[in-house]
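In: 3D model of this:
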Amino acid sequence: MYFADFIGDGYEEWQKGQVIILDVPTGSGKTMFCETTFRKYAFSQGKRILYLVNRITLREQMLERQKKRVIEWEQHLETQSFWMHDLKKEPGNFVITTYQTLEMALVTNNVPDINYFNSFDIVVADEAHYFLADSLFNPNTVHSFEFLVQNYRNRQLIFMSATMQNLYPILAVYLNQTAAQSFLAKEGMYEPYIYKRVEPDYSGYNFLWFYHHQEMVQIISELPGDEKVLVFVSSIAEGKEIKSLLKKIMPGGDVFLYSSESADSEHGQELETELVTEQKFSHRVLLATAKLDAGVNIFDSNVNHIFILLDNMESMVQMLGRRRIQAGETTNVYLHARDRLFFSRRLSQLKFQLRYVNYVMYQMSQPYADIFIATEFYDEKKAAVLRKFIGVWRNLYANSRYFCNWLSLRRMGELAAEYEAILEEFDTNGPDAYILHQGHWLGLPENHAYFTVPSTYIDNIAAFMSTYEGVTLKVEQFNEFRKQLMPILHAADRVTFPKTTELAKWQKINSFFEKNQLPFAVKMYPKSKNCDRRYEILKISESGDGQS
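Out: I've put the predicted structure just below:
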């Protein structure tokens, strides 16, 4: 469902002083709604909109659409003071900029810029999960968040994202706490906030999974040459490792890693131009970090495969939505089946960071500390922790001061709780617990194909079993049969068959066949006086009777 159809004309009832929370999936047209319908309505009311995004590429894509779009109903507004100036700091009626630009003005205490950002009637905070998601590497997200809530609380503030799950509780508590401070709340004119949610639709995606980088690289190398691949990596280091593996198995292959390091290179600039002007990329395989994770549109029917290596729901859902699926299209999405050791290490890292930051900032009662606190520690590891989770605030006529970013600490706590839950699931659900966890993040039902064995594995097992159809095996022969079968079963279902060296019992093999509707069964004949134990491989007819 498109958001414009869902909301109808309900936006006309939004009042001054209300905070609007739009929890809307990627690709549902929420940005287009703001660019056209809501924008037109605001113009008719003589109101100016500040539209904030989290990535420069997304901003450039939006500006490119404004240049191409001929908005006839704006023609008569050209002479009015709120005519649009997207790129200039003039009294524009629809100004698009980034959160980071606002944060720079706040951190450097640039009063003219701050006054400018405080001069609008409406703020649309697009990709609002940014405040939490980026807080782990950008300590200044807390500034833009607090500035918007404090300054536009009594005007009109709209938060939009496909992943509002973690930010929404913060907003709900914050708004209830500050409602009494609002002159409109005192008059009883409005509810503190309006929450609208649209359920996601993943019908255009075929969900698969992979277990390690080598397996992923092998899959990519076997894909048709005219099909493009988009790979979202969790870090630059991981991206470089995968790029190296791809270059070895695909010599001369067109592989590019897009990150903060390569964005300013010649190839990086060419890629950004393609994304902005054509909403496509020309590389056969594009590896990308979080620099390309949100809001950016990719309309390219040749992008048939997306690999997502992230370990949190926000990033996974956002990266999933970069490829805009059109009617009748399907795209393969491969999710990384991380193992238990990965989450154990991530949890240990987070706990160390939380303990140290809490010790410095709270036990020592120093929410504000001198500048040397993060630079002159003899322990570089601890200094790096402080640099990551402590931001800088510069007051006018004052030296730089460090502050504790409460959003980043909250985000760290949320991730730690998530990792602990996943580790518990490994203990109860087996080695593929994270596969199940990701499916639940997406809201997929238990009977979804994502949770079942892919048809290619079923075909391989059926082909293997057909060679033994009607054969009776002695114990030694049956053990040899299982040694050959176990790698295939393990590749198909690593939860049921976690080890290739552990020979599954015949009852377990039969349960797997029945669950996946494979027309085979193993029948065991017990040892008798005249005969040793033996096993017969049966082909099951449609009526359910065995045929040998």
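In: quick one: least confident helix or strand in the chain?
Out: strand 368-369 (a mean of 42; mean pLDDT, DSSP states H and E).
In: wait, doesn't residue 95 sit right on residue 49?
Out: Yes: counting by CB atoms under 8 Å, residue 49 is a contact partner of residue 95 at 7.2 Å. Backbone N, C-alpha and C define where each C-beta goes, glycine included.
In: what about the strands in the stretch 201-350 of the chain?
Out: For the stretch 201-350 of the chain, the strands defined by DSSP state E, counting those that start in this stretch occupy 205-210, 228-232, 255-258, 285-288, 303-308, 331-336.
In: burial check on residue 424, number of neighbours?
Out: 11 (other CB atoms under 10 Å).
In: list of residues touching the helix or strand that contains it?
Out: According to DSSP states H and E, residue 424 maps onto helix 406-429. Residues from elsewhere that reach helix 406-429 (CB atoms under 8 Å, 6 or more residues apart in numbering): 131-133, 135-136, 139, 141-142, 145, 166, 170, 312, 340, 343-344, 346-347, 350-351, 353-354, 357-358, 388-389, 433-434, 436-437, 495.
In: quick check: residue 261 touching residue 239?
Out: No: counting by CB under 8 Å, residue 261 does not reach residue 239; the two are 9.4 Å apart.
In: still on that earlier bit, just the buried ones from the contacts of helix 406-429?
Out: Neighbour-count burial (16 or more other CB atoms under 10 Å) is assigned, among the contacts of helix 406-429, to 131-133, 135-136, 139, 141-142, 145, 166, 170, 312, 340, 343, 346-347, 350, 353-354, 357, 388-389, 433-434, 436-437.
In: which residues does the residue positioned nearest the centre of the chain contact?
Out: Centroid-nearest residue in the chain, with CA atoms, centre = their mean: residue 315, separated by 2.0 Å. Applying CB under 8 Å, 6+ apart to residue 315 gives the contacts 133, 232, 290, 293, 308.
In: farthest-apart pair in these, please.
Out: Farthest pair in those (CB to CB) is 133 and 308. Separation: 14.7 Å.
In: rewinding a little: in helices, which of the contacts of helix 406-429 fall?
Out: 131-133, 141-142, 145, 170, 340, 343-344, 346-347, 350-351, 353-354, 357-358, 388-389, 433-434, 436-437 (DSSP state H).
In: now the helices for the stretch 101-250 of the chain?
Out: Secondary structure of the stretch 101-250 of the chain (DSSP state H, counting those that start in this stretch): helices at 111-117, 130-133, 141-152, 167-178, 183-186, 213-221, 236-249.
In: for those helices, which one sits closest to residue 456?
Out: Closest among the helices of the stretch 101-250 of the chain, once you apply CB to CB, is helix 213-221, at 11.0 Å.
In: how far does the closest one sit from the chain's center?
Out: Its chain's C-alpha centre and that of helix 213-221 lie 21 Å apart, by CA atoms, centre = their mean, to the nearest Å.
In: give me the residues contacting it.
Out: 210, 229, 231, 241-242, 245-246, 249-250, 285, 305, 307, 334, 336.
In: name the nearest of those relative to residue 527.
Out: Distances from residue 527 to these, taken as CB to CB, are shortest for residue 210 (43.1 Å).
In: find the nearest non-adjacent residue to the closest one, please.
Out: Closest residue to residue 210 apart from its sequence neighbours, by CB to CB, 6 or more residues apart in numbering: residue 216 at 4.7 Å.
In: near that neighbour, how many other residues are there?
Out: Neighbours of residue 216 (other CB under 10 Å): 21.
In: okay, it: pLDDT?
Out: Confidence at residue 216, expressed as pLDDT, is 90.
In: shaky segments in the stretch 251-400 of the chain?
Out: Within the stretch 251-400 of the chain, the stretches with pLDDT under 70 are 293-295, 356-400.
In: mind doing that once more with 90?
Out: The stretch 251-400 of the chain contains residues with pLDDT under 90 at 251-254, 258-282, 288-304, 310-333, 335-339, 346, 349-400.
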